[in-house]
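> sequence and predicted model, in that order:
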Amino acid sequence: MEGEKKEVNVFQMPLHYPRYTKKDYQDMPEWMLDRLLADYGLSTHGDLAHKREFAMGTFLWPEFHQAQAFSSPLLLKKV
C-alpha cells in the first residue's frame, strides 16, 4: 500500500446557496450545471434537460411557498 493513493469522497457543503433565477438555469451551459450539481454532491447524470429540471427543482423555491410566506397572517400581524 505504500505509495498508493486512495480516493476519498467527502460531501462538503458550499458556503453559499446558489442565487440563480429560473431563466439563469434555463440558459446555463451544461458544464456549469455539472459543476454546480457536483459542488453540492448531487448527481450529474442525465441529459441537459434533465440536469436543468433537477437543478431548478433543487435550488429554486416553489412560487407557492414565496407567495404564501409574504401573505401569511403571522407575518402581517403587528405585535
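It's in.

> going forward, measure contacts and count neighbours with C-alpha atoms only.
Will do.

> could you list the buried residues of whatever helix or strand Leu37 lives in?
For Leu37, the host element (DSSP states H and E) is helix 30-39. Judged by neighbour count using 16 or more other C-alpha atoms under 10 Å, the buried positions of helix 30-39 are 30, 33-34, 36-37.

> quick one: the longest helix seen in the chain to helix 30-39, angle?
When the chain is scanned for its longest helix (criterion: DSSP state H), the result is helix 48-59. Following axes from the mean of the first three to the mean of the last three C-alpha atoms, to 10 degrees, one obtains 40 degrees for the angle between helix 48-59 and helix 30-39.

> show me what helix 48-59 is packed against.
If you count contacts as 3 or more C-alpha pairs under 8 Å, 6 or more residues apart in numbering; DSSP states H and E, helix 48-59 packs onto helix 22-27, helix 30-39.

> give me the residues contacting it.
Identification of contacts with helix 48-59 by C-alpha atoms under 8 Å, 6 or more residues apart in numbering yields 17-18, 22, 25-26, 30, 33-34, 37, 44-45.

> confidence-wise, which of the residues you listed comes last?
Model confidence across the contacts of helix 48-59 bottoms out at Tyr17, which has 83.

> so who does it touch?
So Tyr17 contacts Phe59 (C-alpha under 8 Å, 6+ apart).

> shift numbering so it begins at 49
Sure thing, new numbering starts at 49, so read that last one as Tyr65.

> so how far is Gly94 from it?
Using C-alpha to C-alpha, to the nearest Å, we find Tyr65 at a distance of 23 Å from Gly94.

> ok, Ala86 next?
For Ala86, the distance to Gly94 - C-alpha to C-alpha - is 13 Å.

> Ala103 too?
12 Å.

> looking at the two, which has the bigger crowd around it?
Ala103 (21 against 10; other C-alpha atoms under 10 Å).
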